[in-house]
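Undergrad: using only what follows, build the 3D model:
(chains A and B)
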Amino acid sequence: MSDLYELRCRECGKTWGNVPKSFCEDCFSPLEVSYDYDALKKKVRRENLAGRTFNMWRYADLLPLPEDFTPASAVGGTPLVASRKLASHWGISELYFKNDAVCFPSLSFKDRVVGTALVAARRFGFETVGCSSTGNLANAVAAQSAQQGFDACVFIPADLEPAKVLNTAVYGARIVRINGNYDHVNRLCAQIADRFKWGLVNVNLRPYYSEGSKTHGYEIAEQLGWRLPDNVVVPMAGGSLITKIAKAFKELVTLGWVEAKAVKFFGAQATGCSPISDGVKRNLARFEPQKPNTIARSLAIGNPADGPFAMKLIRESGGWAEDISDPEIVAAIKLLAETEGIFTETAGGVTAGVTQKLIQQGRIGPGETTVVCITGNGLKTLDAISAEFPVAEAIAPRLDAFEAYLDNQFNATPAAAGVK
Amino acid sequence: MPVTIEIPTAFRRFTDGTPKIDCSAATIAEALNDLTTRFPELSRHVRDEQGQIRQFLNVYLNEEDIRFLGGEGCSLKEGDRVLLVPSIAGG
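TA: Next up, the predicted model:
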């Protein structure tokens, strides 16, 4: 092959070259991009990264991209925030938040996967691209399609948060609302990809799409000073991201860019949609699909396609999976904002809240390096927390009115409030 | 009579291009048996070595995943549609 990568079946190992196809037509199992690591080792050096801008494309050599690839926009390159307050509050020494709430251009980690998916869409000659989405992916597809000149058509459950719908519509994308949950939308998209010559990023372009997630993992390792953490806590919807972070770490070890280390992978779900964590906790051979009922709609996939791989990874790494209730999600969103200044959407609340639970259970140790993956921005799910913050009554623009306000609100005298 | 089984494109190379079949099965299990009896090459693509429906193949009765309907023992009635769809997802 002229490329140093091609599609390979994750179950039977059959190779398929580079084509817009997501499952093996022999055994129906998912396809994944596999690389010629021997060739990559000779060609790619960690030192080569030094002169490259800090965004996901600095790892272009490790992604399924053409030789003459030039980035259309700067995606990724998000902060790894070293926690002070929350680490202390939770009693652990080394805690980091990988903050894709500020991922460019649409404020979630889905910008990364759309980055690689649209390169594949161009390669395969698609003019219309789309996706089935719980919101963030639709935002990312719409934004990058607008910039790169694709027609975008996205399919979403009809009850999606208004902010996520608006954040897609503004880019001029066509939005098809489906009366059903995400799993219904996804089934329809599988049939559409079967019928139409469209590039659906998470259906027929899925193997190329999901490779973009690896850059979240590469960045974590690089930002830790080219080392791997002891633990990673990752939100799970379809179960893809957690497996791709593992793939990223494994590749860095294979290439000799980091020292080998046993990393424990922890998966986080909302109790109202927890097929993977339920499968791990009950030690099921196969997860049982669920009907989602949670405010964490970006994680509300009841029939996760990568669930089997996520369960296997979590078990083999010695990690665990947990889930928390909707009120716990809201509390965790507030806690993360109040302590670290990071405002995340409901999925991030799930991840932060599950991290707390895992620490309390003793599954994450106090002396270990733990990275918590925050994947989306709080501005997208304001509905989920707005009830927590009733709008205060307005006061007159006069000092005496403010003093009365202080007295009323805090029962504080001007002197106690720090008047000069 | 009859129940319709819709066959995805990827499976049609084992069905001589046939996109759907009608059968008179009383349950999903019987319907799948009808399908794989008519197209024996499909058998190993529908069921794994243990005889279970393959992990990455989703079977729907009309709008519903059969795992919410009690699995492949769930009964069929006239006019029902059975869909076979590969498992692919991502939010």
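Undergrad: got the phi and psi for B:Asp22?
TA: Torsion angles at B:Asp22 (phi, psi; degrees, to the nearest 10) stand at phi -100, psi 140.
Undergrad: pretty sure it sits against B:Glu6.
TA: No. Between B:Asp22 and B:Glu6 there is no contact under Cβ atoms under 8 Å: 10.8 Å. In short, each C-beta sits where N, CA and C put it, glycine included.
Undergrad: helix/strand/coil for the residue of the stretch 301-420 of chain A found nearest chain B?
TA: At 3.8 Å from chain B, A:Ala305 is the closest residue in the stretch 301-420 of chain A, using Cβ to the nearest Cβ. Following DSSP: H, G, I helix; E, B strand; the rest coil, A:Ala305 is assigned to coil.
Undergrad: I'd like to know how far it sits from A:Glu211.
TA: Relative to A:Glu211, A:Ala305 is positioned 16 Å away (Cβ to Cβ, to the nearest Å).
Undergrad: who has more neighbours out of B:Asp22 and B:Glu6?
TA: With neighbours defined as other Cβ atoms under 10 Å in any protein chain shown, B:Asp22 and B:Glu6 compare such that B:Glu6 has more, 15 against 11.
Undergrad: surely that one meets B:Lys20?
TA: Yes. With contact defined as Cβ under 8 Å, B:Glu6 counts as touching B:Lys20 (4.8 Å).
Undergrad: ok, the closest residue to A:Ile301 other than its chain neighbours - how many residues close by?
TA: Distance criterion Cβ to Cβ, 6 or more residues apart in numbering or on different chains; nearest residue to A:Ile301, sequence neighbours excluded, is A:Ala237 at 4.6 Å. If you count neighbours by other Cβ under 10 Å, A:Ala237 ends up with 30.
Undergrad: residues in contact with A:Tyr5?
TA: By Cβ atoms under 8 Å, 6 or more residues apart in numbering or on different chains, the residues touching A:Tyr5 are A:Asn18, A:Val33, A:Ser34, A:Tyr35, A:Asp36, A:Pro64.
Undergrad: got the residues you listed as CSV, with distance to chain B, secondary structure and neighbour count columns?
TA: Below are the contacts of A:Tyr5 laid out as CSV (distance: Cβ to the nearest Cβ, whole Å; DSSP: H, G, I helix; E, B strand; the rest coil; neighbours: other Cβ atoms under 10 Å in any protein chain shown):
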residue, distance to chain B, secondary structure, neighbour count
A:Asn18, 18, coil, 19
A:Val33, 15, strand, 21
A:Ser34, 18, strand, 17
A:Tyr35, 21, strand, 21
A:Asp36, 26, coil, 14
A:Pro64, 16, coil, 24
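Undergrad: and the two most separated of these?
TA: Spanning the widest gap among the contacts of A:Tyr5 are A:Asn18 and A:Asp36, at 12.9 Å by Cβ to Cβ.
Undergrad: ranges for the helices of chain B?
TA: B:28-38, B:43-46 (DSSP state H).
Undergrad: how far away is A:Pro66 from A:Tyr208?
TA: 11 Å.
Undergrad: same check, this time on A:Trp320
TA: Counting by Cβ to Cβ, the gap from A:Trp320 to A:Tyr208 is 31 Å.
Undergrad: of the two, who's got more company?
TA: Ranked by neighbour count (other Cβ under 10 Å), A:Trp320 and A:Tyr208 place A:Tyr208 first, with 29 against 22.
Undergrad: isn't that one up against A:Pro64?
TA: Yes. Counting by Cβ under 8 Å, A:Tyr208 touches A:Pro64, with 5.3 Å between them.
Undergrad: which residues do these two both contact?
TA: A:Val33, A:Thr116, A:Val119, A:Ala120.
Undergrad: of all the residues you listed, which two lie farthest apart?
TA: Checking the shared contacts of A:Tyr208 and A:Pro64 with Cβ to Cβ, the most distant pair is A:Val33 and A:Val119, at 12.0 Å.
Undergrad: common neighbours of the two, please.
TA: A:Pro64, A:Tyr208.
Undergrad: going by residue numbers, what spans are helices in chain A?
TA: A:37-43, A:85-90, A:110-123, A:136-148, A:162-169, A:182-195, A:206-211, A:214-223, A:240-254, A:275-281, A:307-317, A:326-340, A:346-360, A:399-410.
Undergrad: reformat these as a markdown table; add distance to chain B and mean pLDDT.
TA: Formatted as a markdown table, those follow (distance: least, Cβ to the nearest Cβ, whole Å; pLDDT from 0 to 100):
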| stretch | distance to chain B | mean pLDDT |
| --- | --- | --- |
| helix A:37-43 | 25 | 94 |
| helix A:85-90 | 26 | 96 |
| helix A:110-123 | 8 | 97 |
| helix A:136-148 | 6 | 96 |
| helix A:162-169 | 11 | 90 |
| helix A:182-195 | 5 | 88 |
| helix A:206-211 | 6 | 96 |
| helix A:214-223 | 14 | 98 |
| helix A:240-254 | 6 | 98 |
| helix A:275-281 | 10 | 98 |
| helix A:307-317 | 6 | 97 |
| helix A:326-340 | 16 | 98 |
| helix A:346-360 | 9 | 98 |
| helix A:399-410 | 41 | 88 |
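Undergrad: out of these, flag the one nearest B:Pro40.
TA: Evaluated over the helices of chain A, closeness to B:Pro40 peaks at helix A:182-195, with 23.3 Å, by Cβ to Cβ.
Undergrad: by contact count, what packs against that closest one?
TA: When contacts are defined as 3 or more Cβ pairs under 8 Å, 6 or more residues apart in numbering or on different chains; DSSP states H and E, helix A:182-195 sits against strand A:128-132, strand A:151-157, strand A:174-178, strand A:199-200, strand B:81-86.
Undergrad: can you tell me which of those has the worst average pLDDT?
TA: Here the lowest mean pLDDT among the helices and strands packed on helix A:182-195 goes to strand B:81-86, at a mean of 90.
Undergrad: is it positioned near chain A?
TA: Yes. Using Cβ under 8 Å from any Cβ of the partner chain, we find that strand B:81-86 touches chain A at B:Leu83, B:Val85, B:Pro86.
Undergrad: between that strand and helix A:182-195, how big is the angle?
TA: Angle between the axes of strand B:81-86 and helix A:182-195 is 80 degrees (criterion: axes from the mean of the first three to the mean of the last three Cα atoms, to 10 degrees).
Undergrad: so what strands line up beside strand B:81-86?
TA: Here strand B:81-86 has these sheet partners by DSSP bridges: strand B:3-6 (parallel), strand B:57-61 (antiparallel).
Undergrad: quick one: distance of that strand to the chain centre.
TA: 5 Å (Cα atoms, centre = their mean, to the nearest Å).
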